[in-house]
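Asks: Generate coordinates for the sequence data below:
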Amino acid sequence: MVVTVLDDWEGRWRAAPALSRLQAAGAEVRIVGEERAWAALLPEVAGAEVLVLNRERTRIDAARLGELPRLRMIAQTGTGVPHLDLPALRARGIPVGHRPTGHRAAPYASAPPATSRKKASRCAK
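Replies: Prediction:
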């Protein structure tokens, strides 16, 4: 599984316990710390199966989804998703995990719950 973390401007992902857990599970984790234009990001994200987006810094719309053929899931660290084309993600069956009320709530997915759980379990393998 290829997990690409975008917009880690503060460098927190490199020291996060989640990073070592993902790597121990066999994931290849790519971390992009600096802000880049989409064309410059594309070589880093094109093979991603999971994108981890920090806050609302990177827009993912239908056109960009077309450039991400292997994408199976998006994890979002922020509370809002105005930068995501949710109908396009639903059409592709790509769940979005985020915390709609901040750190107090568990992440939920934008796709139907049964689909989200199946996709998430496949992505974790």
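Asks: Residues touching stretch 59-77, excluding its own?
Replies: 2, 38, 42, 45-55, 83-85, 88-89, 92, 94-99, 107, 119-120, 122-123 (CB atoms under 8 Å, 6 or more residues apart in numbering). In this view, the C-beta of every residue, glycine as well, is placed from N, C-alpha and C.
Asks: Tell me the span between the first and last residue of it.
Replies: Terminal residues of stretch 59-77 are spaced 14 Å apart (CA to CA, to the nearest Å).
Asks: Buried residues in it, which are they?
Replies: Neighbour counts over stretch 59-77 (16 or more other CB atoms under 10 Å) mark 60, 64-65, 68, 71-77 as buried.
Asks: Show me how to select, in PyMOL, the buried members of the contacts of stretch 59-77.
Replies: Buried residues within the contacts of stretch 59-77, by 16+ other CB under 10 Å, are selected in PyMOL with:
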select buried, resi 2+45+48+49+50+51+52+53+54+84+85+88+89+92+94+95+96+97+98+119+120+123
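Asks: Which of the contacts of stretch 59-77 fall within strands?
Replies: Taking DSSP state E, the ones among the contacts of stretch 59-77 that sit in strands are 2, 50-53, 96-97.
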